[in-house]
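Asks: Everything below, folded, please.
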Amino acid sequence: MTNEATMEKMKQMKLNGMRQAFQTTMHTNITHNFTPDELIAHLVDAEWDERYNRKLNRLIKAANFRYDVSFEQIDFIHSRNLDKNLMLRLSQSDWIEKAENILITGPTGVGKSFLACALGHQAAILGFSVSYASCIKLFSRLKFAKADGTYDKELKKLKKKYILILDDFGLHPIDEQSKLILLELLEDRYAQHSMIITSQFPLKSWHEIIANPTVADAICDRLFHNSYKIDLKGESMRKKKT
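Replies: Numbering: from 1, shown residues only. From the prediction side, this is the model:
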């Protein structure tokens, strides 16, 4: 069998990474540097890398992050009350596998959304599906879904995501329908999948923001239990960079 025929079969079987690696080794004539088992391992590694990169790109695209940032870009130099040891622990998958939440609070510009996106990006690298949305946009979308009959379908999509990032909680007034939607999201995800929520308001004021005492109790109880709490301090990072 010719090399061209072999590569054509790889193409038909969608072994794109393996085909490209095989083609490269043939063109550069370095096959004599490999033992048979090393050559096979090289081709398998190339296919694995290609499939991993394709999956990662799909996860990142589907997440729709506000910022295209990585965990390595998190700024630990400026004093923001950010515990580096905690962040290094969160760069691993334990908190996701335990369905724990991360609540990030702090004033405008200190990097809450940036941090949430960096953690989400790291989770995607580890192979977990993520969905990012601002609270106002997500609540609006789900209210429209209620109106057109696709609400259950939308909830099922969100429920499948290992991490749901809700940005800017409390930035806009929360109506009664949005409160019930949030509670339903939490009930679907509790002890199953994780959430990252950012807010300008300290956790102690969330009960007041939700206003409805019964719903607020249910929401805060589910959110605060089993959660990592990151309270960022300091001046606006945007001003410092400017």
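
Asks: Next SSE downstream of the longest helix seen in the chain?
Replies: As assigned by DSSP state H, the longest helix anywhere in the chain is helix 36-63. Under the assignment DSSP states H and E, the closest C-terminal helix or strand after helix 36-63 is helix 84-90.

Asks: Which elements pack onto that next one?
Replies: strand 227-231 (3 or more CB pairs under 8 Å, 6 or more residues apart in numbering; DSSP states H and E). C-betas here are computed from N, CA, C, even on glycine.

Asks: Tell me who's in contact with the most centrally placed residue in the chain.
Replies: Geometric centre of the chain, nearest residue: Gly120, 2.7 Å, by CA atoms, centre = their mean. Residues in contact with Gly120, defined by CB atoms under 8 Å, 6 or more residues apart in numbering, are Ala63, Phe65, Val130, Tyr132, Ile163, Ile165, Ile196.

Asks: Mind giving me the packing neighbours of the longest helix of the chain?
Replies: helix 16-28, helix 112-125, strand 130-134.

Asks: Most tightly packed of the ones you listed?
Replies: Highest mean neighbour count of the helices and strands packed on helix 36-63: helix 112-125, a mean of 24 (counted as mean count of other CB atoms under 10 Å).

Asks: Same list, the contacts of Gly120, but as JSON lines with pLDDT and distance to Gly109 please.
Replies: JSON lines is the format used below for the contacts of Gly120 (pLDDT from 0 to 100; distance: CB to CB, whole Å):
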{"residue": "Ala63", "pLDDT": "96", "distance to Gly109": "23"}
{"residue": "Phe65", "pLDDT": "97", "distance to Gly109": "18"}
{"residue": "Val130", "pLDDT": "98", "distance to Gly109": "23"}
{"residue": "Tyr132", "pLDDT": "98", "distance to Gly109": "19"}
{"residue": "Ile163", "pLDDT": "98", "distance to Gly109": "24"}
{"residue": "Ile165", "pLDDT": "98", "distance to Gly109": "18"}
{"residue": "Ile196", "pLDDT": "98", "distance to Gly109": "18"}
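
Asks: buried stuff in the longest helix of the chain?
Replies: Leu39, His42, Leu43, Ala46, Glu47, Glu50, Leu59, Ile60, Ala63 (16 or more other CB atoms under 10 Å).

Asks: Roughly how far does the residue nearest to the centre of the chain sit from Tyr67?
Replies: Counting by CB to CB, to the nearest Å, the gap from Gly120 to Tyr67 is 10 Å.

Asks: How many neighbouring residues does Met87 have?
Replies: For Met87, the neighbour count with other CB atoms under 10 Å is 18.

Asks: For the closest residue to it other than its chain neighbours, grab phi and psi.
Replies: Distance criterion CB to CB, 6 or more residues apart in numbering; nearest residue to Met87, sequence neighbours excluded, is Ile74 at 6.4 Å. The phi/psi pair for Ile74 (degrees, to the nearest 10) reads phi -60, psi 130.

Asks: for Ile74, what are its contacts?
Replies: Taking CB under 8 Å, 6+ apart, one finds Leu82, Met87, Phe114, Leu115, Ala118 in contact with Ile74.

Asks: Is the last one in contact with Val69, as I believe?
Replies: Yes: with contact defined as CB atoms under 8 Å, Ala118 and Val69 form a contacting pair (4.9 Å).

Asks: Who are the contact partners of Pro10?
Replies: Quick fix: residue 10 reads Met, not Pro. Neighbours of Met10 in contact, by CB under 8 Å, 6+ apart: Asn16, Met18, Arg19, Phe22.
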